[in-house]
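Undergrad: coords please:
(2 chains)
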Amino acid sequence: MLEIRQRYAINGILLYVFSTIFVVQLCFGRVIDEKTWIALFWVILLFAAFNAVSKSFIQEASARRLYYFMIASPLSVVISKMIYNSLLMVVLGALSLGLFSVFMGFPGLYAGLFVPAFLLGCIGLASALTMVSAIASRSGNNAALMAILGFPVVLPLLLLLVKASQKALTGRVETAEMLRFLSAITLIDLVVVVLAVILFPYLWRD
Amino acid sequence: MIKSMWWKFLGLALVLYSIIAGLLIDVPALPVIHQTIRNLFYHVSMWFAMFVMLGTSLVYSIRYLSGFRMRDDLMASGAVYTGIFFGLMGLMTGMVWARFTWGDFWTNDPQLNGAAVSMMAYLAYAVLRGSIDEVAMRARISAVYNIFAFMLLVIFLGVLPRLADSSLHPGKGGNTSTMEGLDMTMRMVFYPAALGWILIACWLLQLHTRRRALIQGIH
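TA: This is a model prediction of the structure:
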């Protein structure tokens, strides 16, 4: 897809994540408390997601859009974009997690809650932003619109993710509580995906 | 004339009644809140009116996407603008109330933050509409975003505050619900107040849509 055709795009995002994390390390030093670690990590990932996913529709040339429009149904376009962006986000998230741990240290997060929350969160961020990118790409001033439309849409997810990560700090989490967080995140993911699948055909045609 | 306008007079009468009675009736003496409980009649009714307006707008957005009539788009966007107005009023009355009960205009309460972010989502809707020039495309894309924004509103005001650990609002974060603590005399004012403001909101929406329909020449 887009990133394979434009090698510099994916390298750009990686470099962006790297420089942000490096700047954070320079500003904060290595020692930060765990709550700050979580907040910084998710904020960095959020902005990386904005940068990575906003390309999916905005940077497509209009001729190519017309080509996709001819050969594929809107449903397959949006689902494939979402799957692709989710994979991209999971890879990007894992890389930033690794880099962030190298530079800032890793607090003892309970993996049983953090890992599924992290994966679901990456998928949710990617799908929500894919849809927002589709909306923003149809309007004139799309870079600014991407930010103002996207911010409220991803915020509930982000809040839940931060809360789940903070819970994971406390060590072993009971299964019932874990399920409560994970099901809330899954529910938001599902709502976003279902709405996107229903509504995307209206955005796709001219 | 009178027949089709009865609900406007009813709305006016109910709002007047709630303003006068809301200041006159005896309210239960509760700790911290004291007399400021009277703000409930005005503050909570603003949110009721906002919810009805934004719900109306959701219905018209779905209707627009199924029929592509410009009239539906006009109603949907008008209802969003009216809803934003009532939402801002709700925030303001809430801030005044918070100043006199919790000591500050803004507290870090999940309900407050949720309300602020949903208002931002709807203001973004207004910006989105402003940035698309072609009329049919604007109507279609803003209808799609409006459905997303309503989902956010439900998540922010309905789901997240209930999941939160602590909240200053009743009925959220393990507190008891308002409706259980509300005594009969207060209900006698609160329900008419909410209904009255909803009717006033519908009237505002009607005036707003009629004016814009005249300007744009849509029937």
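Undergrad: can we go C-alpha only for contacts and neighbour counts from here?
TA: Noted.
Undergrad: buried residues in the helix or strand containing residue A:158?
TA: If you go by DSSP states H and E, residue A:158 is part of helix A:142-169. Residues of helix A:142-169 classed as buried under the neighbour-count rule (16 or more other Cα atoms under 10 Å in any protein chain shown) are A:142, A:145-158, A:160-169.
Undergrad: same question, stretch A:27-47
TA: Across stretch A:27-47, burial judged by 16+ other Cα under 10 Å covers A:34, A:37-42, A:44-46.
Undergrad: and that stretch, C-alpha only, in CSV?
TA: Output of stretch A:27-47 as CSV, limited to C-alpha atoms (Å, rounded to 0.1, in the frame of the first residue of the first chain):
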residue,chain,number,x,y,z
CYS,A,27,13.9,16.9,28.9
PHE,A,28,12.9,14.5,31.7
GLY,A,29,16.1,12.6,32.3
ARG,A,30,15.9,8.9,32.9
VAL,A,31,14.1,9.0,36.2
ILE,A,32,10.4,9.7,36.0
ASP,A,33,7.6,8.2,38.1
GLU,A,34,5.4,5.5,36.7
LYS,A,35,2.3,7.6,36.1
THR,A,36,4.3,10.1,34.0
TRP,A,37,5.8,7.2,32.1
ILE,A,38,2.4,5.9,31.1
ALA,A,39,1.0,9.4,30.2
LEU,A,40,4.1,10.2,28.1
PHE,A,41,4.0,6.8,26.4
TRP,A,42,0.4,7.1,25.3
VAL,A,43,0.7,10.7,24.2
ILE,A,44,3.7,9.9,22.0
LEU,A,45,1.9,6.9,20.6
LEU,A,46,-1.2,9.0,19.9
PHE,A,47,0.8,11.6,17.9
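Undergrad: quick check, pLDDT for the residue located most distally from the centre of chain B.
TA: Ranked by distance from the centre of chain B (Cα atoms, centre = their mean), the top residue is residue B:134, with 29.5 Å. Looking at residue B:134, its pLDDT is 85.
Undergrad: so what's it up against?
TA: Residues counted as contacts of residue B:134 (Cα atoms under 8 Å, 6 or more residues apart in numbering or on different chains): none.
Undergrad: name the helices or strands packed onto whichever strand or helix holds residue B:98?
TA: Following DSSP H and E, one finds residue B:98 within helix B:70-101. The contact analysis (3 or more Cα pairs under 8 Å, 6 or more residues apart in numbering or on different chains; DSSP states H and E) places helix B:70-101 against helix B:40-67, helix B:110-131, helix B:135-154, helix B:184-216.
Undergrad: rerun that using 6 Å as the cut-off
TA: Using 3 or more Cα pairs under 6 Å, 6 or more residues apart in numbering or on different chains; DSSP states H and E as the contact definition, the elements that helix B:70-101 packs against are helix B:40-67.
Undergrad: and the angle from the helix it packs on to helix B:110-131?
TA: Helix B:40-67 and helix B:110-131 meet at an angle of 40 degrees, taking axes from the mean of the first three to the mean of the last three Cα atoms, to 10 degrees as the criterion.
Undergrad: and the angle for helix B:40-67 with helix B:70-101?
TA: Between helix B:40-67 and helix B:70-101, the angle formed by their directions is 160 degrees, by the same axes, to 10 degrees.
Undergrad: buried sites along helix B:40-67?
TA: Burial within helix B:40-67, assessed by neighbour count using 16+ other Cα under 10 Å, is assigned to B:40-65.
Undergrad: so which bits of chain B are right by chain A?
TA: Proximity of chain B to chain A is confined to B:121, B:124, B:132 under the rule Cα under 6 Å from any Cα of the partner chain.
Undergrad: between the residues you listed, which is closest to residue B:200?
TA: residue B:121 (23.9 Å; Cα to Cα).
Undergrad: got a list of what the closest one touches?
TA: The contact partners of residue B:121, taken as Cα atoms under 6 Å, 6 or more residues apart in numbering or on different chains, are residue A:152.
Undergrad: if we can go back for a sec, need the residues of chain B next to chain A in TSV (columns: distance to residue B:158).
TA: As requested, the residues of chain B next to chain A are exported to TSV (distance: Cα to Cα, whole Å):
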residue	distance to residue B:158
B:121	16
B:124	21
B:132	31
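Undergrad: could you tell me which residues of chain A lie near chain B?
TA: Taking Cα under 6 Å from any Cα as the measure of proximity, chain A contacts chain B at A:139, A:149, A:152.
Undergrad: can you do 8 Å?
TA: For chain A, the residues in contact with chain B (Cα under 8 Å from any Cα of the partner chain) are A:135, A:138-141, A:145, A:148-149, A:152-153, A:156, A:195, A:199, A:202-203, A:206.
Undergrad: and the furthest pair within the residues you listed?
TA: Of all pairs drawn from the residues of chain A next to chain B, the widest gap by Cα to Cα lies between A:156 and A:206 and measures 31.2 Å.
Undergrad: check what pLDDT the residue most central in space within chain B gets.
TA: Averaging the C-alpha coordinates of chain B gives a centre point, and the residue nearest to it by Cα atoms, centre = their mean is residue B:50 (1.4 Å). With respect to pLDDT, residue B:50 has a value of 93.
Undergrad: correct me if wrong: it contacts residue B:84.
TA: Yes. At 7.2 Å, residue B:50 counts as touching residue B:84 under the criterion of Cα atoms under 8 Å.
Undergrad: how much space between residue B:23 and residue B:48?
TA: Plainly put, residue B:23 is 20 Å away from residue B:48 if you go by Cα to Cα, to the nearest Å.
Undergrad: how about the residue nearest in space to the middle of chain A, nearest residue that isn't a chain neighbour?
TA: Here the mean C-alpha position of chain A is nearest to the C-alpha of residue A:125 (Cα atoms, centre = their mean), at a distance of 3.5 Å. Nearest in space to residue A:125, with sequence neighbours left out and distances taken as Cα to Cα, 6 or more residues apart in numbering or on different chains, is residue A:154 at 6.4 Å.
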